[in-house]
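A.B. asks: fold the following for me, if possible:
(2 chains)
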Amino acid sequence: MAAYWDGYGYYEPSKPIEVKGGIKAKSKRGGFGQSWWAKRWIQTLESFNIGARLTRGKSYARKGQVTSVKIETGLVRAKVQGSSPKPYSVTIKVRTLTGSEWDLLAEKLSQKPIFAAKLLAGEMPEDIEPIFEDAGLSLFPEKLDDLDTDCSCPDWSNPCKHIAAVYYLLGEEFDRDPFLIFKLRGVDMDDFMSSLGKGPAPENAGMQPEAGILIKAPEAEYETGAEIGAEIGAEIGAEIGAETGAGSRAKARAKTGAKTGAKTGAKTGAKTEAGVEAAHVSPESLPLEPEAFWGRPAESPEGVKGPTLEAHIPQVPAALPKRLGKFPFWSGEEDFLEMLEKVYSKASPAGMRVFLGEQK
Amino acid sequence: MPARGGSPVPSSPLIADTPDSKANLTLAPWTVSTYLLEAEEVVDFLCACMGKKVLAPGIIPGSDLVWWTEALKFAGSLAAGQKYLPGVRVEEGKYVAIWEPVFAGEDAGELAKLAKQMPPAARALSRALPPEPSDRPPEKPAVFVLREFIADSLDRIVRTSLEKKEPARTKRKTPSFDSIHDAWVFALHSQDGLIYGDENEILQLAARAREWQRPLTILTTSPFRLSFRLEEPESEEGISGEPERPEEIEEVEGPGEGKYIGEVKESGDIEIPEGMWYVRYLLQPYEDPSLLVQVKDAWKPKKDSVLKKYDVKNIRQFLLSSLGQAASLSPEIASSLEKPAPSGYALDIREAYGFLTEKAVSLNQAGFGILLPGWWTRKGTKTHLRAQAKVKGKQLQIGSGLTLDKIISFDWEIALGDKLLTVEELQALAELKAPLVKVRGQWVEVNDEEIRAAIDFWKKNPHGEASLRDVVKMALGASEKAEGFDFEGLSATGWIEEFISRLKGREGFEELKAPEAFSGELRPYQVRGYSWFAFLRQWGLGACLADDMGLGKTVQTLALIQRDWEQTEARNRKPVLLVCPTSVINNWRKEAARFTPGLPVMVHHGISRKKEKEFPEEAKKHAIVVSSYGLLQRDIEFLKEVPWAGVVLDEAQNIKNPETKQARAARALEVDYRIALTGTPVENNVGDLWSIMEFLNPGFLGNRASFKRNFFIPIQAEHDQEAARRLKEITGPFILRRLKTDQSIISDLPDKMEMKTYCTLTKEQASLYAAVLEDVEEAIDEAEGIQRRGIILSTLMRLKQVCNHPAQFLKDNSSIPDRSGKLARLSEMLETVLENGEKALVFTQFAEMGRMLKEHLQERFGCEVLFLYGGVSRKQRDRMIERFQEGKEYLPIFVLSLKAGGTGLNLTGANHVFHFDRWWNPAVENQATDRAFRIGQTRNVEVHKFICAGTLEEKIDEIIERKVQVAENVVGTGEDWLTELSNEELKDIFALREEAVGE
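C.D. replies: Just a heads-up that it's a prediction; the model follows:
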């Protein structure tokens, strides 16, 4: 691999290895991120004065050189394909806030339900920053103390263009889910919500026992196991497995371990809903009584029909996915929601035909 | 399966009797042969089974299959309602893209309800083979089994509705993709759903998909729905009709006092109350949607609040996230969240209108509950601006040759609700620029554009013209939207008003006398029905008479035809085409001969029927041409050539499917009037109604597609009461259905109605009949004394058997369906009995015929048929009677052999008695009839005596009738008297006449 020294920094050949199916930024030209909070995030990067690396980072992000991004509490891990055959590993560490810092914030945030409501609805409340400032904090990591970035590439500059590319993509992801910023800063959404949800009721003033759970206990990072298991790719899975010392896996076995973990994780995960229910529903044994076993024949056809069951074709398609918003780190060729809209519009009449028992 | 003494207990007595063993019940594993269906086949199969009690003769869905069809319906409703999301699943080590159902709100309740109803048999099958005795019986909870089924079938429904995506690159055997997301999209569209890609990437995709869906878990796990209620300003008198505003609103946010200000000039009836409207946030528990909980209870729970039984923290989280989602749809909601514990927000009249027209719709689509004032939600009766025709007519001129094609001219008028407006008033309204006003205390929407459109339209077209047919349609509420506002309704005076109100009221028209040459007496309700027929016929409107079986639809129809015949000059007379099932052709012929003996009747049936050009020639010479549905379709080309006076469809449900050839043929005939007769409650079957109405009054319900859109889907799938009401309003004037139990009918009916049902023979029966005759002809001539007697009686017996069923005569256990005219007729009549939820006794003198009846009727109707004959033990007999009488199960048919069941029993549960064959002894028959017609019987009893026309059955019946008239019961000594007859007389009785054959 040819590399040269240009007096400013260490440069790779200008063309990185092409990646198929990488995460491509939605932004095609100009700035990144549409929401004010995404722009605020990117401002931080751009304030570091790293020159041409910003432009290259942007173009990496647009070309899809970033092959994976994982967001954890206080930590982002990404793989970026440069000119070296092996992708570089990028980590961005963000200082998580302490328990008492969050206590303070939570109390202030709870005064206006709009904060919680908007965040839950996928929007960053505009006047949230003053609240942070009131508490002597900032939502976006600004100082160098708040941020610790690293990349396995040979460039001495930090941030390098790989870090910049990841940073830009994160900006776009914050557009979709502003809560990721909170997650990065060490706050679990559910805990945050339950704290905010307390509302202004006076009995909640002062020390709140629940406030403690605002900060995640280390094991909480593993959430359902499925989540983590699946998020860990085989390769980095090994690294993470080793780093976090998850379970009792020995370093040597970490790779395979993570892989299996990932698999089982996905399996349980895929059945999460059913699984949750399984915890509540005990097995039902078959009845012995023949009449009960075979089911009593209905006395009239009306007896069986659930007269309450209705079917409606919505006027506007795909309300459910629209409520959920964009898919995280979408890299498909077709727009996700457009694809779904087509599917829903086609399947509705088919569903109605089945409901009415009409045969093809 | 539950087993006793080594054999499984059957699911239904139709399959086998319960094992007669004293051994204990056990759950034992059994190997069952199964046929595995693909998911798509399952969907098709269950669709085909939906709503059917019998799939094909002898194939009866078990209660588990019936339940599965319900489960599939549920999956269909989820697919129609778009309640599913794309996801990833691991299946037997493979990664599969799936469309996963989302059970939110009511659907979660529906799922639980359906799971509860699941017959355990539906989850008793395990695929493990062979079963080992130690195997534990399956214990998978019903809700799991159901959920899996719904997920699979929903996925299949969605998938098959999509076109397959072309894989990006197919150089290799498996497609490959640039992005795992492309692979996913491809798999979501493909048949097998397999995701092609790197395993780890797929796992990551699965995790992301879950992350993406996570906000929904708040929604799906909440026991509530967030609802928004729009509340009107409070009026001083509180006359708005809405419940009073709950007192607990904070002063700041509550609406101001309602007060009335400037009223519109020239109209004291229109006002705009000035006051604030209010949108209130409410929590609506799914398990009891009538309970509306103020959200303030969630912010600050009170001790006695219903919310106490739920986890308040979760409710708050649900509330916040819901409000957050709603806030993005409505800035007003967003700003209400700036203050602690918001419970709603106030709005002015313009904002209120905006809420009604836009916000409410988008909030509703996003899954929120919306509660709007009743005056807004009542679709059809909602007060709104509309154009109506003002028609003036003079006195009703009966018989003046008016038809529906007459062009009527009228003035347009513009009405707001029931208030007529002048141009000035309209303009004043337009200037007000208020979207909502109160007219006579009722809130009314006045849309600016509509007002302008109305003024424009009116200036251009003060008068209108339309055919009487269109005026009638308008009057019945078949509204049309055009030029920006509704055309609907009619204000008529004079004869048109009279005409319309008669049409709607189905009374008030002249009660006609029975036609002169009509022989027989019409009961009062029959006079009404016949007069109604005549009224509609006069206008060329089609009529459907759907009276209960036994009320005499035939008689009413014949009276109309007779009247028409009498009123028309001889040279102008045209025949009426009467189409009916083959099995009743003879019945019509006989009834016409009895009630309208003066009308020439032609039966267009059989191989020797007139065809092509001969047919019109012949038909023109008759008053009534009777034919069958089969021939209507086959001979339509020359049937069309006759100028018919009218066409009557008996058992009109035969054309319920508008695509069938017979339905098309029926519509293709050119006639002056159309009549449909049916004993089934057509008006309740939305799906079948269109075809019958399209035959009777083409165009009244719109074309088939618009009917489906405007009525079928709203009524059938959305349970839209308003659509059902509109349909009834449009069809009501053309359908007359009276029940035997109606107060006005019951007094006109005798307690016991005896009717003869004339049946036809099938070809097979006819040739067997002829063969028997040929066989004995010589023998009778030659034999004498005791021998002759024997021959005669055995011939009689054999001919009766042939008339009953070929298989009874041949004793060969051959197949039962479609071989006997009597059996076909019995099945048709029992079908009506069952549809009306009534019960019947069927008597036969032959035990073997009884057995065949039981078997056939069970297969045909899918329910157990009781059968009492000499071989039944006393204990069993008592049990049968108990089951039939007590009504715990619906056992609608009881077959009895005359000897075993003709006396002593009390079977008042039945109100129909069928005598399938004849004893020729009225006393014996009456005694059998009296099983149902006796003390304890609360309904009128109908007795149907079956006779094969053109055979010995008809002849003997005639002879007995004649003798009975002389001295009742004199001949009542069975059949012995026949042996005293001469050979010539006998031959005449036995002879097979042409009309006997039905095909």
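A.B. asks: what about the helices in the stretch 51-200 of chain A?
C.D. replies: A:52-63, A:99-109, A:113-120, A:128-134, A:161-176, A:179-184, A:189-196 (DSSP state H, counting those that start in this stretch).
A.B. asks: enumerate every residue touching the residue of the stretch 201-350 of chain A found nearest chain B.
C.D. replies: Nearest residue of the stretch 201-350 of chain A to chain B (Cβ to the nearest Cβ) works out as residue A:295 at 2.5 Å. The way it works is simple: take the backbone N, C-alpha and C, and place the C-beta from them, glycine included. Each residue near residue A:295 by Cβ atoms under 8 Å, 6 or more residues apart in numbering or on different chains is listed here: B:62-64, B:67, B:118-122.
A.B. asks: give the closest residue to residue 343 in space, chain neighbours not counted.
C.D. replies: With no chain named, the answer covers chain A. Counting by Cβ to Cβ, 6 or more residues apart in numbering or on different chains, the nearest residue to residue A:343 once its immediate chain neighbours are dropped is residue B:162, at 6.1 Å.
A.B. asks: you looked at the wrong chain, it should be chain B
C.D. replies: residue B:296 (4.8 Å).
A.B. asks: pLDDT score for residue 202?
C.D. replies: I went with chain A, as the question did not name one. With respect to pLDDT, residue A:202 has a value of 34.
A.B. asks: meant chain B actually
C.D. replies: 88.
A.B. asks: doesn't it belong to a strand?
C.D. replies: No. According to DSSP: H, G, I helix; E, B strand; the rest coil, residue B:202 belongs to no strand; its state is helix.
A.B. asks: not counting its neighbours along the chain, what's nearest it?
C.D. replies: Counting by Cβ to Cβ, 6+ apart, the residue nearest residue B:202 is residue B:95, at 4.6 Å.
A.B. asks: beta partners of the one you found?
C.D. replies: residue B:90 (DSSP bridges).
A.B. asks: list the contacts for it?
C.D. replies: Contacts for residue B:95 (Cβ under 8 Å, 6+ apart) come out as B:88-89, B:194-195, B:199, B:202, B:206.
A.B. asks: where does the stretch 501-650 of chain B dip in pLDDT?
C.D. replies: Along the stretch 501-650 of chain B, segments meeting pLDDT under 70 span B:506-508.
A.B. asks: follow-up on the earlier one: highest neighbour count among the contacts of residue B:95?
C.D. replies: Among the contacts of residue B:95, residue B:206 has the most neighbours (other Cβ atoms under 10 Å in any protein chain shown), with 29 neighbours.
A.B. asks: quickly note the distance from residue B:749 to residue B:70.
C.D. replies: Separation of residue B:749 from residue B:70 (Cβ to Cβ, to the nearest Å): 39 Å.
A.B. asks: what residues of stretch B:954-963 count as buried?
C.D. replies: Neighbour-count burial for stretch B:954-963, counted by 16 or more other Cβ atoms under 10 Å in any protein chain shown, picks out B:954-957, B:959-960, B:963.
A.B. asks: what does stretch A:53-67 give?
C.D. replies: Under 16+ other Cβ under 10 Å, the buried positions of stretch A:53-67 are A:53-54, A:56-67.
A.B. asks: CA-only coordinates of stretch B:308-320, as CSV, when you get a sec.
C.D. replies: Coordinates of each C-alpha in stretch B:308-320 appear next as CSV, following Å, rounded to 0.1, in the frame of the first residue of the first chain:
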residue,chain,number,x,y,z
LYS,B,308,-55.4,2.2,40.2
LYS,B,309,-55.5,-1.3,38.9
TYR,B,310,-52.9,-0.5,36.3
ASP,B,311,-49.2,0.4,36.6
VAL,B,312,-49.4,4.2,36.7
LYS,B,313,-45.8,4.6,35.6
ASN,B,314,-46.5,2.7,32.4
ILE,B,315,-49.7,4.7,31.8
ARG,B,316,-47.7,7.9,32.0
GLN,B,317,-45.1,6.7,29.7
PHE,B,318,-47.8,5.6,27.2
LEU,B,319,-49.6,8.8,27.6
LEU,B,320,-46.4,10.9,27.1
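A.B. asks: right, is that stretch up against chain A?
C.D. replies: Yes. Under the criterion of Cβ under 8 Å from any Cβ of the partner chain, chain A is reached by stretch B:308-320 at B:313, B:316-317, B:319-320.
A.B. asks: hmm, back to that, in strands, which of the contacts of residue B:95 appear?
C.D. replies: Per DSSP state E, strands hold the following members of the contacts of residue B:95: B:88-89.
A.B. asks: between the contacts of residue B:95, which is nearest residue B:126?
C.D. replies: Nearest to residue B:126 among the contacts of residue B:95: residue B:89, at 21.5 Å, using Cβ to Cβ.
A.B. asks: and residue B:608, how far is that from residue B:949?
C.D. replies: Counting by Cβ to Cβ - residue B:608 and residue B:949 are separated by 17 Å.
A.B. asks: and those two? which has more neighbours close in?
C.D. replies: More neighbours surround residue B:949 than the other of residue B:608 and residue B:949, with 24 against 7 (other Cβ under 10 Å).
A.B. asks: is it true that that one touches residue B:766?
C.D. replies: No. Look at residue B:949 against residue B:766 with Cβ atoms under 8 Å: they stay out of range, at 11.8 Å.
A.B. asks: alright, calling it a day.
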